[in-house]
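Visitor: The sequence and its predicted three-dimensional model are supplied below.
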Amino acid sequence: MTHLALLAQQLDQIFVLAKHWLLGFVPAGAQPLFSAVLSVVPVILAFPLLFAITTWIERKGLGRMQNRYGPNRVGPFGLLQPLADGVKSLTKEDIVPLTADHAVHFLAPILLVSAAFMDYAVLPIGRNMVIANLNAGVLFFFAVGSLMELAVFMAGWSSRSKYSLLGAMRAIAQMISYEVPLVLASIVVIMQAGSLSTVAIVNMQAAYTGIWPHWFVFTPWGFAGFVLFMVAATAESNRSPFDLPEGESEIIAGYYTEYSGFKFALFFMGEYIGMFATGGMAITLFLGGWSAPFAFLTWIPSYFWFFAKLLTLIAVFIWVRGTLPRLRMDQLMNLAWEFMLPMTLLNLLTAGAWHFMSAGLLRWFVCSTMVVVPYILLSRGLKQRKKFQIRTYHFSE
Amino acid sequence: MVGEGILKGMAETARNFFGSYVSKDRLTTVQYPEQRDAQIEAARSFPFLVYDGADWHDGMRCVACQICEKECPPKCIFIEKSKDKKPDANGKPQFYPATFNIDISVCMSCQICVEVCPFDAIMMDVDTDLSTDDRFGGLLLDKQRLSKSNEYFNAIHPTEAAAVDARLAVERARQEAKAKAAAEAKAAADAKLTAATPAQPASGEPR
Amino acid sequence: MSTAIVPTAHFDLEPMSEPGKEQLLELAMGPQHPSTHGVFRMNVVLYGEQVVRLKPVFGYLHRNHEKIAESETYLGSMPYTDRLDYMCSITNNWAYALAVEKLAGIEVPERAEYLRVITGELTRLQNHACLIGFLMQDMGSSGTPLMYAFREREKILDLFESLTGARMMCNYMRFGGCRADLPAGWLDQARKVVADFPRFLDEYEQLLVSNEILMDRTQEVGVLSRELAVSAGISGPMARASGVDYDIRKVDHYSIYDRFTFRVPLGSHGDVYDRFMVRLLEMRESVSILEQAMRDIPAGPIVDPRMKVRGFRPKPGEAYGRIESPKGELGFYLVSDGSPNPYRYRVRPPSLINLTVLEDLCVGRNVGDIVAILGSIDIVLGEVDR
Amino acid sequence: MNLEAIKSEVEANVPGCRLEMVANPSPSDQHSLRSDAEHAVAVAIVLRDAANLRFDFCSNVTGIDWPSREVSEKVKVKKLVDGVEQEADEIRKTVVPGCLEVVYHLFSVEKKHGPLVLRMRTQDRDAGVHLPSLTPVWRSAELQEREVFDLFGVVFDGHPDLRRLLMWPGFVDHPMRRDYVDPDDYEYEPTAHDEVLRRAQQHRGDAGGKQLSEAEGG
């Protein structure tokens, strides 16, 4: 038994051990630098790979939802489709509009991808597997994440295209609006954990009562926070039904209308990398990070759980995308300011109440009421003001 | 409550997602080059010329009457009538098309040529794999490429071909009967003639 | 007394760039645009995202169908009508055949009328199903409803192929009847398709009707008043969504529609949601018509035996024949001078005329609404530009 | 609804209007009313608003081109031949002046009747092509009158936005007129035969034409 436990532990820590083993070959003076490189390189390799797999999963999943096969020609089950797409975008002509601001136009996709990658610095992918354990990790995450807005605006502005400009306008408005509920939704976790460090937050959730983990999502405020966070994250990463900035059927491709070839692919990748990062943050904050969902499954390596949860979230993203039509700009704004913001603020109160009440059924009841009642009231208010309803029709014989 | 309709919709897409793995009814895609749907008998692509017998030139039913050329809405048929006549399948001397071209890059598969043809000489094909890299030459079909045997016609449109064959057989029998009657009448007339004027020189001889 | 609503004067994109109007953004949506349903262009003036002015630009697909028809025989124009509204070639054939039959006074045998109704209503089913799919696609739902619609449409197109020989360019009607009789087993196959169709409609309704985002996007958007709808000649489901009780199947009693019991759904708001719902409900009525027609279809000839294929020359005169096509009132106006070619051949395109009110519906709305409104009008550029 | 009755009703309401019944010999039995241009708008308003007419739905607007044509008719003429009066046939040729005709097909949504065919004629086909626009009466005429202007060249006075609809703004001729000649300014799709090939050869000059005919004729 102990042997097995040791093996599981070794498997869990295999990347950490490998890194330390490799660092042994490096002179002591260069070790910090090499340590950093050895931490960063796998992330830079793993997530683009995940991006490739995700595009495949997305196309397959959407296909099946739409009663199609999805890609199935390139390689077995179409698995080499992302590779083919990559080769295609690399070999395509890179067209820059004549009047574009060339420097900014060139820099925008690079900035987007680098900003997206910088988010991963604070994401604990597994036990002891985090690039930088900053004690203000969550803050760092949101700060760096908002760099993406800058990149989007650069792209939209420098293209000198009306569609790009409209897309950039939409993107800025949307991303800034949803940053507020995104941060507010995560504050409940910080209140509870008492730390801004992502590692500390995960460690706090990686404990068990019986077989059940202490994930924050299993509390009323945590669940509400998680749902709100996911909605805001969908908007942050411009995914359907909040994909207005690129609103394909309205403004062609929004801010990256004028991009082609590899720069277009970079935008595409940046979006997905950003989506994984916000998804990873949702996991870290609410779904216990790398911790196993049941106590008896802790022997499975922690990074496996991280990626399993991430893929599950991605599947939900795809599912939502396959079902819902897009919102309109004013509705999007209304949702952010009239629904998300009050809900996140009330959720802060709920989290406070949870903190100060003693454990027990009463606490559950009070806090659940504090979440559900405002939700019902708010949604009813929204519905009545909009007057939208399922109508009945009359017929002429 | 807000979200109810969204959840309903998501349940529906999930049902279709799993349904596509179990129900053939939901996943109707045909993997084209490997799988093909069964050929639908009435389907049509482009016209072809029917010939009887073994040789496409000798058995060609077309008599270059040029009705299809005139009636073709996009004017994709081009016919030149021959100067001489050749015997058709019934042995009757007929004109034949010296040139018969169909520009299938112009043809719109409307089947009007088939409907107007009084000789059942032009029919609709079912072959759609006609892509070529020679846009103008490769899509301009001459009479040799257009000619296909009556057996082929029977194979692709059995019902229609059977009707056409029956009609032609009736027509042929009628013509044969008519020819026979004419021959008999002629023979009788000749007999009468020879009986009446026995000492006439052979006809056609210059005096 | 109603007064006509007069449209705004036209504008050029350029002169808008005068001082004092710097706040406005001029945008040419199309001719290459993902949701203009073809090569169609809208010159839009935006204030932020709000539409201030909008003028449609037509003609990118213009091939002067009417002029071509003047040099064709009457029959020769039949395959060209397939290409007008290429989603529903059979109803186009029908309208043209009806006009010619009026012009020349041709009777249609009973079985042919049933065939026309069956194929025409199947066309309506597939057009409406796809239109709703396109509308959802325009509103950004990644094509899921569209694919479901295409899945069902495929079955209907298979029926068309085995009956007429072609899936989309059917060229099925002839003056005084139809071209081909039902092949063996066709009716059973069709009955199965029609019997399965309500299940698909249930699925569609489950997916769409109560979706909050859809309701939010479409309700009270692009409201067309009843007065404007009548004045602007809006026809078909779009007019009925505005409460205009005008279904040519009921009004003109053409063909044999009197024999079937069906209802005409009417909207009361005239917005995009009503247009969507009216089409959804109309499909259920079409299913009921189909069931009745396939139950009652008699045996008999399918074309007037007195009609010749060649040498058709109607007497001088003129006729206007119209049917309720899935898009609206599709009419053909023919003037004959006694020759084998029509002297004048005119198509009354419902898609084009329904676009008359596009600016009225869009002004004051958002860019996102333009595509939803355009999608709900249901245009096919083959018919708009002819 | 009887056309005579409609005619008398309109004439009673619009003083001075000249309405003419145009018979339609075809079995369709759709006879029409031809209005003079001056009173057309008033006639249209009466047709739309009169309580028992209510033609509120202008379905179809279109033009017809009638180029001037020579009509030859046989006339019996009495002639004095050798002092004796005899009847003889003589072919008399008259030129019917050309015009452009605009046809409106009206229906009533309220009363569910129709069609009423309303026609108007221009004076000639060159300068006198002005007709009053009925767009202020029926909005549905907006795009269709633009189309008639575009393809036939009828100028509708009072139309709020009279531009070409289907042809591009710089285009000069009116393609639906019977005497319209295709301009020789576009690329011909090479075809195997017929008129188009001949014109393509003309358009490209001899060399190109020869190549074409060699490539496709053989």
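Guide: Arrived safely, thanks for sending.

Visitor: Where does chain B get nearest to chain A, which residue?
Guide: Per C-beta to the nearest C-beta, residue B:2 is where chain B lies closest to chain A, at 3.7 Å. The C-beta positions use only the backbone N, C-alpha and C, and glycine is treated the same way.

Visitor: can you tell me which residues contact that residue?
Guide: Neighbour list for residue B:2: A:379, A:382-383, C:212 [criterion: C-beta atoms under 8 Å, 6 or more residues apart in numbering or on different chains].

Visitor: Could I get those residues in TSV, plus columns for pLDDT?
Guide: Conversion of these to TSV gives the following (pLDDT from 0 to 100):
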residue	pLDDT
A:379	79
A:382	72
A:383	71
C:212	83
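
Visitor: Of these - the most surrounded one?
Guide: Within the contacts of residue B:2, residue C:212 tops the neighbour count with 23 neighbours, counted by other C-beta atoms under 10 Å in any protein chain shown.

Visitor: Now do that residue against residue C:147, distance only.
Guide: Applying C-beta to C-beta, to the nearest Å, the value for residue C:212 to residue C:147 is 22 Å.

Visitor: again, but for residue C:72
Guide: Taken as C-beta to C-beta, the span from residue C:72 to residue C:147 is 38 Å.

Visitor: Just read off the phi/psi values of residue C:346.
Guide: When read as degrees, to the nearest 10, the backbone of residue C:346 gives phi -130, psi 140.

Visitor: Could you list the low-confidence segments of the chain?
Guide: Going with chain A. A:1, A:386-388 (pLDDT under 70).

Visitor: think we crossed wires, I meant chain D
Guide: Using pLDDT under 70, chain D drops low at D:1, D:184-197, D:199-200, D:203-218.

Visitor: in it, which spans are strands?
Guide: Taking DSSP state E as the criterion, chain D carries its strands at D:19-22, D:32-35, D:57-66, D:69-81, D:84-96, D:99-107, D:116-121, D:130-132, D:155-157.

Visitor: any chance of those strands in JSON lines, plus distance to residue A:352?
Guide: Shown next, in JSON lines, are the strands of chain D (distance: least, C-beta to C-beta, whole Å):
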{"stretch": "strand D:19-22", "distance to residue A:352": "84"}
{"stretch": "strand D:32-35", "distance to residue A:352": "81"}
{"stretch": "strand D:57-66", "distance to residue A:352": "65"}
{"stretch": "strand D:69-81", "distance to residue A:352": "94"}
{"stretch": "strand D:84-96", "distance to residue A:352": "94"}
{"stretch": "strand D:99-107", "distance to residue A:352": "69"}
{"stretch": "strand D:116-121", "distance to residue A:352": "76"}
{"stretch": "strand D:130-132", "distance to residue A:352": "76"}
{"stretch": "strand D:155-157", "distance to residue A:352": "72"}
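
Visitor: a markdown table for the ones you listed, including mean neighbour count and distance to chain B?
Guide: Formatted as a markdown table, these follow (neighbours: other C-beta atoms under 10 Å in any protein chain shown; distance: least, C-beta to the nearest C-beta, whole Å):
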| stretch | mean neighbour count | distance to chain B |
| --- | --- | --- |
| strand D:19-22 | 14 | 32 |
| strand D:32-35 | 21 | 30 |
| strand D:57-66 | 25 | 22 |
| strand D:69-81 | 9 | 26 |
| strand D:84-96 | 9 | 31 |
| strand D:99-107 | 24 | 26 |
| strand D:116-121 | 21 | 29 |
| strand D:130-132 | 20 | 34 |
| strand D:155-157 | 16 | 33 |
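
Visitor: For chain C, which of those strands is the nearest?
Guide: Nearest to chain C, of the strands of chain D and by C-beta to the nearest C-beta, is strand D:57-66 at 4.2 Å.

Visitor: and that closest one, what does it pack onto?
Guide: For strand D:57-66, the elements it packs on are strand C:328-336, strand C:344-348, strand D:99-107, helix D:141-152, judged by 3 or more C-beta pairs under 8 Å, 6 or more residues apart in numbering or on different chains; DSSP states H and E.

Visitor: can you list the residues of chain B near chain A?
Guide: B:1-3, B:6, B:9-10, B:12-14, B:16-17, B:19-21, B:26-29, B:31 (C-beta under 8 Å from any C-beta of the partner chain).

Visitor: Now that we have these, which of them are buried?
Guide: Buried members of the residues of chain B next to chain A, counted by 16 or more other C-beta atoms under 10 Å in any protein chain shown: B:2, B:6, B:9-10, B:12-13, B:16-17, B:19-20, B:26-28.

Visitor: coming back round to it: name the SS class of the residue of chain B closest to chain A, please.
Guide: coil (DSSP: H, G, I helix; E, B strand; the rest coil).

Visitor: Now for the residue of the stretch 151-300 of chain A found nearest chain D: which residues touch it?
Guide: In the stretch 151-300 of chain A, the residue that lies nearest chain D is residue A:162 (22.0 Å; C-beta to the nearest C-beta). Going by C-beta under 8 Å, 6+ apart, residue A:162 touches C:25-27.

Visitor: if we can go back for a sec, turn the helices and strands packed on strand D:57-66 into a markdown table, including distance to residue D:90.
Guide: Below are those laid out as a markdown table (distance: least, C-beta to C-beta, whole Å):
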| stretch | distance to residue D:90 |
| --- | --- |
| strand C:328-336 | 30 |
| strand C:344-348 | 33 |
| strand D:99-107 | 28 |
| helix D:141-152 | 36 |
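
Visitor: of all the ones you listed, which lies closest to residue C:132?
Guide: Smallest distance to residue C:132 across the helices and strands packed on strand D:57-66 (C-beta to C-beta): 16.2 Å, for strand C:328-336.

Visitor: Show the secondary-structure elements that the closest one is packed against.
Guide: helix C:89-104, helix C:237-241, strand C:317-325, strand C:344-348, helix C:350-354, strand D:57-66, strand D:99-107.

Visitor: so that strand versus strand D:99-107, what angle?
Guide: 140 degrees (axes from the mean of the first three to the mean of the last three C-alpha atoms, to 10 degrees).

Visitor: just how off-centre is strand C:328-336 within its chain?
Guide: Strand C:328-336 sits 14 Å away from the centroid of its parent chain (C-alpha atoms, centre = their mean, to the nearest Å).

Visitor: same question, stretch A:22-40
Guide: On C-alpha atoms, centre = their mean, the centre of stretch A:22-40 falls 30 Å from that of its chain.

Visitor: For it, list every residue counted as buried.
Guide: By 16+ other C-beta under 10 Å, the buried positions in stretch A:22-40 come out as A:35, A:38-39.

Visitor: Pull that stretch out as PDB, backbone CA atoms only.
Guide: Listed next in PDB are the C-alpha coordinates belonging to stretch A:22-40 (Å, rounded to 0.1, in the frame of the first residue of the first chain):
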ATOM      1  CA  LEU A  22      17.600  18.600 -15.200                       C
ATOM      2  CA  LEU A  23      18.500  21.600 -13.000                       C
ATOM      3  CA  GLY A  24      21.200  19.400 -11.500                       C
ATOM      4  CA  PHE A  25      23.200  19.600 -14.700                       C
ATOM      5  CA  VAL A  26      23.200  23.400 -14.600                       C
ATOM      6  CA  PRO A  27      25.700  25.500 -12.600                       C
ATOM      7  CA  ALA A  28      24.200  27.000  -9.500                       C
ATOM      8  CA  GLY A  29      24.500  30.600 -10.700                       C
ATOM      9  CA  ALA A  30      22.400  29.900 -13.800                       C
ATOM     10  CA  GLN A  31      19.800  27.800 -11.900                       C
ATOM     11  CA  PRO A  32      17.100  30.500 -11.400                       C
ATOM     12  CA  LEU A  33      17.200  31.400 -15.000                       C
ATOM     13  CA  PHE A  34      17.000  27.700 -16.100                       C
ATOM     14  CA  SER A  35      14.400  27.000 -13.600                       C
ATOM     15  CA  ALA A  36      12.200  29.700 -15.000                       C
ATOM     16  CA  VAL A  37      12.800  28.500 -18.600                       C
ATOM     17  CA  LEU A  38      12.100  24.900 -17.600                       C
ATOM     18  CA  SER A  39       8.800  26.000 -16.100                       C
ATOM     19  CA  VAL A  40       7.700  28.200 -18.900                       C
END
